[in-house]
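In: Okay, sequence plus prediction incoming.
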Amino acid sequence: MQDQSEIIRLEADAVNSARTRQPLYAPRRKIFPKRASGDFRRFKWIVMAITLGIYYLTPWLRWDRGPFAPDQAVLIDLVNRRFYFFFIEIWPQEFFFVAGLLVMAGIGLFLVTSTVGRAWCGYTCPQTVWVDLFLVVERAIEGDRNARIKLDAAPWSFRKIATRVIKHTIWLCIAVATGGAWIFYFADAPKLVADFVAGAAVASAYVTVAILTATTYTFGGLMREQVCTYMCPWPRIQAAMLDETSLTVTYNDWRGEPRSRHAKRMALAGESVGDCVDCNACVAVCPMGIDIRDGQQLECITCALCIDACDGVMDKLGKERGLISYTTLNDYNANMALATAGSTHPVNPALVRNPDGRLSNKVANISLRKLFRPRTLIYLGVWSAIGLFMVYALLTRNRLELNVLHDRNPQFVVLSDGSIRNGYTLKLLNMVPRQRSVRLSLKGAFPAASMSVLGSGKPEGGAFDIELEPDRLKTIKVFVRQAAGQAAAPFQEFKFVIEDNAGGERADYTATFNAPETAQ
Amino acid sequence: MSDKHIDKISGVSTTGHEWDGIRELNNPMPRWWVWTFYATIFWGLAYTIAYPAWPLLTSSTKGLFGYSSRAEVVQDIAAADAVKGSYVEMIKGKTINDILADETLRAIAVSAGGAAFKVNCVQCHGSGAQGSSGYPNLNDDDWLWGGKADTIQQTINHGIRFAGDGQTRESVMPAFADVLDRKQIQQVSTYVASLSGPAAEQSNIEPGAVIFAENCAACHGANAKGNRELGAPDLTDAIWLNGSGEAAIAAQVKSPKMGVMPAWGDRLGETSVKELAVFVHSLGGSE
């Protein structure tokens, strides 16, 4: 029935197993993750290619914005206080768009975690992606798990030194490239790369690259799983977001136990025997060095490589896949109840199998429908609502803005003919990368007022044409005058209005006109 | 007493210290901690060698890098001056009207002039240049000595009734308490007040006008519009330097208050005065 001769048993022990638990302070136990292959591994390669591709290539995308704005598709221009993202340009006061994106990222994390568990940790977290990349290099240079264990234990020799030097050199190169890519988001990439190599870039560029090189090399190459286990708050936070209907990587002991390395003999002896042949493949591939069979634990980043490893073993044994699988706690509990006949007996694999040896159809399986539940729908709703609101705000936002600062000292000036004058500083924001001409005028129940613009060289009037430079803020000083005896109240409200002379956008600002109490 | 006590439970030796039967385990510090500790000591010592640190009798060690926070400030100021330099040169080389015509230069001059105003002028003219009784409001359009940019520059340069400057603006209003009697002063005050508002005592206006023509018109003009050559104020407008109303006018006629403004040209230099004039000119009431 079972042919176990193909299964290679590995000497692998979980770093955190209760059996070998050490005092609180203990040196790190080295982990040599074995290469896994399977659907999840393939999926992880794809995610890795996409995330790294986005990170490294984005700054090199070009986007034509005309002569008055940079042509880099994604650019955080700290010097000029602008953020460019393809067709979107964000000024500092529109930072709420970025804040909104961060809120969406947060709620998106709730949504993903409550649905598919710690998928962020297992697939897309930079720590996971870069550790994966560093492991690829390590395997290419030093070989797979056993070769690496042997090399590590071997005394120092020329070959050992050479492989180590090559490995760390490549790691450092990756680290430099990682740090290097980061700075291109903050300046024109082609120019910066030339300046950087020539030693002409700003000091902050070199410092940033140095810091990110150090962190990438240390976190991705040297510290690896310790970052997740000891430094990262995520495992604690994310664990709190899981509930009994979230998918987590689970060892299905209801069909695995009792595990045995001598299943055939035990089966012949008529003893109850589970699917787990205790080959330790799941432990050997684990980048966190844990044993998923010990149950759900803080260290598990749910990268699902143990599923791949175990599925491979199950295939060879001719058993159903899924001894280790993405399962909800509800399904697991139902299956456990089935296997233990309602917790009255120890796990008996026979209870979950039909007489023909296939899994019983009473076994609960993963279904997409279970993932849609009030909690996930609420997250999805809030997430979409914020997203839609942001899209709406983005599409309807005004690219012409007016801010007015009323002179406070003095609040008003009495002129020689008895008329009252107020001064205002107007800030006109032309937020498009082209020249615009706008018409400034006064609106509102505001009798006999006239306006003058300082430095315009034009006489007092009711409206002024003002030229705005592309993508710039223009500050002008405006005086509004009301003839003697016209002031209706010590505080009168009116509006400054600017309108694009080419038609289209307008902006206004409600300002007050102050007059002495005695002037009415 | 050299026997090492080994804790039975943890298998770790103890320090030998004991309190009520409780012994302190002699766990070593983590290596990274120890090395970080040594590194900080090394860093601290190296820092005191590289930078000024150790006190000597009269000064301190200078440090290998020759760093000095004062020198850094001097550098920063020099760098700021280098940036400002070209503009300062341009402001120096141009006339005030050229500066006003150039939008960039005007903005720079207004900002520099504003700073100078806050240091030198606010004591009398107020922080918003709004003035107070006896000190003119510089925002309005009433100018004793003229409101054109170059006249303002001239006034700031040489001051008003300032003894130390030969070119200062000079004028004296006599004290009419010695010339006119009390009734005449009352009459001329009523007349002057009536030029810009309703008068209380109509019967005073006619004799007041006669007194004005004989005593005041020489400086203030027959129409009382004032004379900027003499700094004689316009008596027909709404702005009163020393208070409006008959009583305030009568007090001024009897024993006039005449303000003094220092000459700023020698103290601040040509460029600062030019910037100040641009600032005042940009307050909105200038001509």
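Out: Ah, there it is. The model shown is predicted, which means the values in this text are computed figures rather than measured ones.
In: And the strands in the stretch 1-150 of chain B?
Out: B:14-19, B:22-25 (DSSP state E, counting those that start in this stretch).
In: for residue A:369, what are its contacts?
Out: If a contact means Cβ atoms under 8 Å, 6 or more residues apart in numbering or on different chains, then residue A:369 has no contacts. Glycine gets a C-beta too; all of them are placed from N, C-alpha and C.
In: What about the residue in the stretch 51-200 of chain A that chain B sits nearest to, how many residues nearby?
Out: Closest contact between the stretch 51-200 of chain A and chain B, by Cβ to the nearest Cβ, is at residue A:79 (15.4 Å). Applying other Cβ atoms under 10 Å in any protein chain shown, we find 8 residues neighbouring residue A:79.
In: pLDDT wise, what is it at?
Out: Looking at residue A:79, its pLDDT reads 88.
In: and it, that one's in a strand?
Out: No: going by DSSP: H, G, I helix; E, B strand; the rest coil, the assignment for residue A:79 is coil, not a strand.
In: Look up how far residue B:86 lies from it.
Out: 21 Å (Cβ to Cβ, to the nearest Å).
In: ranges for the helices of chain B?
Out: Applying DSSP state H to chain B gives helices spanning B:31-50, B:69-93, B:96-101, B:103-120, B:122-125, B:149-158, B:182-194, B:205-215, B:217-220, B:246-254, B:265-281.
In: Flag every buried residue along whichever strand or helix holds residue A:391.
Out: Assigned by DSSP states H and E, residue A:391 falls within helix A:374-396. For helix A:374-396, the neighbour count (16 or more other Cβ atoms under 10 Å in any protein chain shown) marks A:375, A:376, A:379, A:380, A:383, A:386, A:387, A:390 as buried.
In: In terms of distance to chain B, which of these ranks first?
Out: Of all the buried residues of helix A:374-396, residue A:390 has the smallest distance to chain B: 37.1 Å, by Cβ to the nearest Cβ.
In: how about that closest one, what does it touch?
Out: Contacts of residue A:390 (Cβ under 8 Å, 6+ apart): A:97, A:100, A:101, A:104.
In: And for residue 218, the neighbour number?
Out: Since no chain was named, I'll use chain A. A total of 13 residues lie near residue A:218 under the criterion other Cβ under 10 Å.
In: my bad, chain B
Out: 12.
In: Tell me the pLDDT of it.
Out: pLDDT recorded at residue B:218 is 93.
In: Please determine how far it is located from residue B:248.
Out: As judged by Cβ to Cβ, residue B:218 and residue B:248 stand 22 Å apart.
In: Equivalent analysis for residue A:231, please.
Out: Distance, residue A:231 to residue B:248, by Cβ to Cβ: 77 Å.
In: Would you mind listing the residues in contact with the closest residue to residue B:197 other than its chain neighbours?
Out: Using Cβ to Cβ, 6 or more residues apart in numbering or on different chains and skipping residues adjacent in sequence, the residue nearest residue B:197 is residue B:244, 7.8 Å away. Applying Cβ under 8 Å, 6+ apart to residue B:244 gives the contacts B:193, B:196, B:197, B:238.
In: How about residue A:327?
Out: So, once contact is read as Cβ under 8 Å, 6+ apart, residue A:327 ends up touching A:247, A:248, A:250, A:252, A:366.
In: who does it bridge with?
Out: Beta-bridge partners recorded for residue A:327 (DSSP bridges): residue A:248.
In: Against residue A:509, how distant is the residue of chain A found nearest chain B?
Out: Per Cβ to the nearest Cβ, the residue of chain A with the smallest distance to chain B is residue A:409, at 3.2 Å. Taking Cβ to Cβ as the measure, residue A:409 falls 20 Å from residue A:509.
In: Neighbour count: these two, which is higher?
Out: Under the neighbour definition other Cβ under 10 Å, residue A:409 and residue A:509 were set side by side, and residue A:509 has more, 17 against 11.
In: Tell me, how many residues neighbour residue B:141?
Out: 20.
In: what's residue A:109 in contact with, if anything?
Out: Neighbours of residue A:109 in contact, by Cβ under 8 Å, 6+ apart: A:120, A:238.
In: following whatever helix or strand it lives in, which helix or strand shows up next?
Out: Residue A:109 is located in helix A:96-116, with elements delineated by DSSP H and E. The helix or strand immediately downstream of helix A:96-116 is helix A:119, counting by DSSP H and E.
In: what does whatever helix or strand comes next after that following helix contact?
Out: Using DSSP H and E, the helix or strand that follows helix A:119 in sequence is helix A:126-142. Helix A:126-142 is contacted from outside by A:33, A:35, A:44, A:47-48, A:51-52, A:121-122, A:148, A:151, A:163, A:166-167, A:170-171, A:174, A:178, A:216, A:219-221, A:224-225, A:227-228, A:232, A:287, A:301, A:303, using Cβ under 8 Å, 6+ apart.
In: Please point out which parts of stretch A:441-457 sit buried.
Out: A:441, A:442, A:446, A:449, A:451, A:452, A:453, A:454, A:455.
In: just to revisit the earlier point, just send the strands of the stretch 1-150 of chain B back as TSV, with distance to chain A too.
Out: Below are these laid out as TSV (distance: least, Cβ to the nearest Cβ, whole Å):
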stretch	distance to chain A
strand B:14-19	15
strand B:22-25	10
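In: In JSON lines: those strands, plus mean pLDDT and mean neighbour count.
Out: Below are these laid out as JSON lines (pLDDT from 0 to 100; neighbours: other Cβ atoms under 10 Å in any protein chain shown):
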{"stretch": "strand B:14-19", "mean pLDDT": "84", "mean neighbour count": "11"}
{"stretch": "strand B:22-25", "mean pLDDT": "86", "mean neighbour count": "12"}
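In: Excluding chain neighbours, give the residue nearest to residue B:164 in space.
Out: residue B:263 (6.5 Å).
In: so how far is residue B:165 from that neighbour?
Out: Distance, residue B:263 to residue B:165, using Cβ to Cβ: 4 Å.
In: Residue A:221 too?
Out: Counting by Cβ to Cβ, the gap from residue A:221 to residue B:165 is 77 Å.
In: circling back to that earlier point, between the helices of chain B, which gets nearest to chain A?
Out: The closest of these to chain A is helix B:103-120. By Cβ to the nearest Cβ, the value is 6.3 Å.
In: What is that closest one packed up against?
Out: helix B:69-93, helix B:96-101, helix B:265-281 (3 or more Cβ pairs under 8 Å, 6 or more residues apart in numbering or on different chains; DSSP states H and E).
In: rerun at 6 Å
Out: helix B:96-101, helix B:265-281 (3 or more Cβ pairs under 6 Å, 6 or more residues apart in numbering or on different chains; DSSP states H and E).
In: what's the following helix or strand after the longest helix along chain A?
Out: Scanning chain A for the helix with the most residues, using DSSP H, yields helix A:158-183. Proceeding N to C from helix A:158-183, the next assigned helix or strand is helix A:189-198, under DSSP H and E.
In: when you compare where the next helix or strand after that following helix runs with where helix A:189-198 runs, what's the angle?
Out: With elements assigned by DSSP H and E, the helix or strand that comes after helix A:189-198 is helix A:203-216. Taking axes from the mean of the first three to the mean of the last three Cα atoms, to 10 degrees, one finds that helix A:203-216 is oriented at 90 degrees with respect to helix A:189-198.
In: what comes into contact with helix A:203-216?
Out: Under the criterion Cβ atoms under 6 Å, 6 or more residues apart in numbering or on different chains, residues A:175, A:176, A:178, A:179, A:180, A:182, A:183 lie in contact with helix A:203-216.
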